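> how would this look folded up:
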Amino acid sequence: MLDLSTGSVVLVVVASLFTAIAAIWDLKSRRIPNKLTLPVFAAGWVFQAIDRGWAGLGDAGLGFLLGFGILFVLWIVGGGGGGDVKLMGALSVWLGFRLTLLVMIASTGLVLLTTGLVLVYSLVTGGIKASRKKYLATGKASAKELREGKELQPETVAARKERRILPFAVPVALATWLILAWKLPTLDNPVRGMSQPAEAGQPAGQPN
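Predicted coordinates for the structure are as follows:
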């Protein structure tokens with residue numbers, strides 16, 4: 001049975017609950033409110049300072065640069081929502097650099113897998129035309145709209161969110177739970193999620 005430190009237990013509980021609540025909120029309203037993300041973001045810095053001191057704050061900073069930074073760039077180019085950016089920013093402060101990197105890789109894989117399965121199902125059951133209308137923003141007016149002289153309006157943020165096959169917080173939550181479960185035995189390592197290196201002269205994997 002694992003004997004985790006208090007800090008690791010707090011990390012697992014907070015990250016799991018935070019992502020679960022965010023996923024439910026995103027599913028119901030297609031938004032992640034500031035009143036959820038901002039307090040968790042602030043508490044993450046306090047947690048890292050108490051749990052690991054300067055090393056924890058440095059790890060949190062690198063995690064934030066990775067998680068928040070990538071999502072911020074995607075948001076700027078129109079590939080995500082502001083709530084998604086703040087969700088990843090808050091979570092990354094708790095997880096640190098390495099766990100954030102793993103969560104982002106896993107969540108991207110889940111998004112690609114889910115999107116592929118849904119699109120294939122839609123194509124099989126509804127055909128190409130219906131699938132394009134439902135999921136793709138082509139940037140072109142329909143023939144009927146052109147005949148009526150209607151101008152194509154830019155896609156709104158709300159419309160783009162509705163087009164999403166899966167709200168962003170859902171794959172992030174699933175990825176967070178999977179990565180934390182996988183890395184649970186090594187969470188007490190000073191460098192989160194890294195296996196303890198073998199001592200000099202001791203074969204890797206051999207117990208002390």
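> When you work out contacts or count neighbours from here on, use the C-alpha atoms and nothing else.
OK.
> And for residue 2, nearest residue in space, chain neighbours not counted?
Of all residues beyond its chain neighbours, the one nearest residue 2 is residue 185 (6.8 Å), with distances taken as CA to CA, 6 or more residues apart in numbering.
> Could you measure from residue 37 over to residue 188?
Distance from residue 37 to residue 188, counting by CA to CA, to the nearest Å: 25 Å.
> Apologies, that question was intended for residue 69.
27 Å.
> and those two? which has more neighbours close in?
Neighbour comparison, residue 69 and residue 188: the larger count goes to residue 188, with 20 against 15 (by other CA atoms under 10 Å).
> what are the phi and psi angles of the more buried one?
Note on residue 188: backbone dihedrals following degrees, to the nearest 10 are phi -80, psi -10.
> My guess is it contacts residue 8. True?
Yes: the criterion here is CA atoms under 8 Å, and residue 188 meets it with residue 8 at 6.3 Å.
> can you map out the helices along this structure?
Taking DSSP state H to define them, one finds helices in the chain at 6-29, 34-76, 82-135, 143-147, 157-163, 169-183.
> would you list those in a markdown table and tack on mean pLDDT and distance to residue 192?
Shown next, in a markdown table, are the helices of the chain (pLDDT from 0 to 100; distance: least, CA to CA, whole Å):
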| stretch | mean pLDDT | distance to residue 192 |
| --- | --- | --- |
| helix 6-29 | 94 | 9 |
| helix 34-76 | 93 | 9 |
| helix 82-135 | 81 | 7 |
| helix 143-147 | 50 | 55 |
| helix 157-163 | 51 | 34 |
| helix 169-183 | 95 | 8 |
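> out of those, nearest to residue 193?
Closest approach to residue 193 among those is made by helix 169-183 (5.4 Å; CA to CA).
> Any idea how many residues pack against the residue lying closest to residue 172 once chain neighbours are set aside?
Spatial nearest neighbour of residue 172, excluding adjacent residues (CA to CA, 6+ apart): residue 107 at 5.2 Å. Per other CA under 10 Å, the neighbour tally for residue 107 reads 22.
> so residue 7 sits right up against residue 51, yeah?
Yes: applying CA under 8 Å, one finds residue 7 in contact with residue 51, separated by 5.9 Å.
> When these two are compared, which one has more neighbours?
Each of residue 7 and residue 51 has its neighbours counted (other CA under 10 Å); residue 51 has more, 18 against 15.
> Now for the more buried one: which residues touch it?
Shown in contact with residue 51 (CA atoms under 8 Å, 6 or more residues apart in numbering): residue 7.
> For residue 188, see how far away it is.
In terms of CA to CA, residue 51 sits 11 Å off from residue 188.
> So which residue is smack in the middle of this protein?
In the chain, the centroid-proximal residue (CA atoms, centre = their mean) is residue 172; its distance is 3.3 Å.
> That one against residue 101, yeah?
No: checked against CA under 8 Å, the pair residue 172 and residue 101 is beyond contact range at 11.7 Å.
> you'd agree residue 15 is up against residue 93?
No: if you go by CA under 8 Å, residue 15 and residue 93 don't touch, sitting 10.2 Å apart.
> In terms of neighbours, single out the busier of those two.
Between residue 15 and residue 93, counting by other CA under 10 Å, residue 93 is the more crowded of the two (32 against 21).
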